[in-house]
Every structure is written in structure tokens, then in C-alpha cells.
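K.L.:
how does the following fold in three dimensions:
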Amino acid sequence: MVRPRRSALYLPASNPRALEKARTLPADVVILDLEDSVGPEAKDDARILAVQAVRGGGFGGRELVVRVNGLDTPWGQADLAAAAEASPDAVLVPKVGGPHDLSRYAQALGGASRLWAMIETCRAVFRLDAIGEASVDTGCDVWVIGANDLVKEMRCRPGTDRAPLLPALSLSVMAARAHGLTVLDGVYNAIPDLDGLARECAQGVDLGFDGKTLIHPTHIETANRAFTPDEAEVEWARAVVAAFDLAENAGKGVLKVEGRMVERLHLDQARRLIGVADAIAAHEVA
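P.N.:
Numbers count the residues shown, from 1 in each chain. You can find the predicted model right below:
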């Protein structure tokens, strides 16, 4: 079953008002953050608030994820233990550098929640295939790009076109697809610049991402719109499926549909697109 993850909003778990507001926002995913957006002095309180929010529920059809601190920090072990007890939909772990990292996190969680992984280091980019294999083995089904950390480590200047990041972004999408994983694009930092956000979302769609991580509620509508299949695309996909379903076309590898040549690979693409559109429609009704 396809699950919409067009918009995944980070919220600092140290902010009770933000946690309450998240229950009403149209984001597909809410990520309660214990890591980057929470200062050292607030880590313990944020952990308590995140657990209370998960147990309190009220998030409806939104997927609820907790991003923990790394196991190499003073807070990581306690974060994972608390997350395992609270059992959110998933636990997002930072700075995965290789297969062993995923195994450590999976063992600490003990199967209490699904595992998501941040791809945000140069080391990870050169180990994407191995991380993909380990993701399948450990039940990690979603990767999240941490573009800001990658920029910091590369010491690059991404600019508006993110040119220095494009190889890493494309390779991440390829590796995710090779292992059947969902992959979400990194955040857009310029909060008031909705036009710039729209351009970067469109770029993310073109690159093949399933959705985008966000740092502000005002970005949700733009991301949802960008990662929702166009109505014309969905209509075309339904026409392709209908054509291949006709009895006289059984077993055919190539058809002409509305004047265009289509193959069975296009049928697979069409079915997936319809699945995404139907899942989004069901999600929005719920």
C-alpha cells in the first residue's frame, strides 16, 4: 500500500504549543525532533514531551515520527529507549554512515517502531548500496536527506539550483529505488520565500523524491501541491491501465493509447501513479 509522504514537518519536541498545533496541520508526516532543533539544556525535557505527545495521540492520519539523537551523543541511548516504549510510527536516526549504524539502532529499538534513516554525510553517499541492503534487513523503509549537514561537511555553496548536491541527491534516489525504499528530500531554509520553495519542490519531483521535509508550517501547502500527481497525468495513467486491461490486448507488450506508443513498463508506472493518487485522496478524506 502506498502511503503519502508529500510533506514531513520537523517540530522541536521541546515546544508544547508546536506539538499541539501539529495535530491540526495538513502535513502527511509530523517529525517530533529531539536532535538539531533542541539545545543541550532542553534535551531531557523534550524527550518527555515527545513521549507524552505520542501517547496522547490525536494526530489522525498523520504519520508520527520521532527523530532521536545519535548513539554517539549523551542523549541517544535514552532517546531510543523512550521511543521504543512510546512506539511512534517510526524513529528517525541521524548521520547513518554505514550498515553497522542501522544494525545498532535496530537492535536498540527492538522492533518497537519502524526505522527511518538520515542520509547526510559524505561517508553515507559512498555507501548507499550497502546502507540500502541493511535497510531492508533492519526494517528501515524511509530515507531522509539531511542537506544542511551534507553542505556543511562538503563545504560547498549549493546556490538556488543545488548543483553541488545533485550527484548525492540523484544517487540517493537511485539507491532507494534499488532497494524499494521511500526517500524524502531535504528542507528548504528560506522560510518566507515560497516561490523558491516551489522551485525546489519541483526539482525534487523531477529528481524522483517521494516528498519533502519541512521546517515551517507555511511550507506544507506548497509541498503537498508539488508532490500530488497532476490530474492530467492520473487520467492518462488510467487510460493506459484500461487499454492493457482490454481482453483483445492480453499478452501484448506494446499498445497505441490516444496516439501514443506505450509499453508494459509504462503500465507499471501508470499503476503506481494511480496508487499514489488514490492514497492521497483517501488520506485527505480521512
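K.L.:
low-confidence ranges in the stretch 1-150 of the chain?
P.N.:
1 (pLDDT under 70).
K.L.:
quick one: the strands in it?
P.N.:
7-12, 29-33, 63-67, 90-93, 114-119, 140-145 (DSSP state E, counting those that start in this stretch).
K.L.:
redo those as JSON lines? Include mean neighbour count and distance to D101.
P.N.:
Quick note: C-beta positions are derived from backbone N, CA and C, even for glycine. Below are the strands of the stretch 1-150 of the chain laid out as JSON lines (neighbours: other Cβ atoms under 10 Å; distance: least, Cβ to Cβ, whole Å):
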{"stretch": "strand 7-12", "mean neighbour count": "25", "distance to D101": "21"}
{"stretch": "strand 29-33", "mean neighbour count": "27", "distance to D101": "19"}
{"stretch": "strand 63-67", "mean neighbour count": "25", "distance to D101": "15"}
{"stretch": "strand 90-93", "mean neighbour count": "28", "distance to D101": "8"}
{"stretch": "strand 114-119", "mean neighbour count": "24", "distance to D101": "8"}
{"stretch": "strand 140-145", "mean neighbour count": "25", "distance to D101": "10"}
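K.L.:
got TSV for those, with distance to A78 too?
P.N.:
Listed next are the strands of the stretch 1-150 of the chain as TSV, based on distance: least, Cβ to Cβ, whole Å:
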stretch	distance to A78
strand 7-12	17
strand 29-33	15
strand 63-67	12
strand 90-93	13
strand 114-119	18
strand 140-145	21
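K.L.:
out of those strands, the one nearest L49 is which?
P.N.:
strand 29-33 (8.2 Å; Cβ to Cβ).
K.L.:
any low-confidence regions in the stretch 151-286 of the chain?
P.N.:
In the stretch 151-286 of the chain, residues with pLDDT under 70: 285-286.
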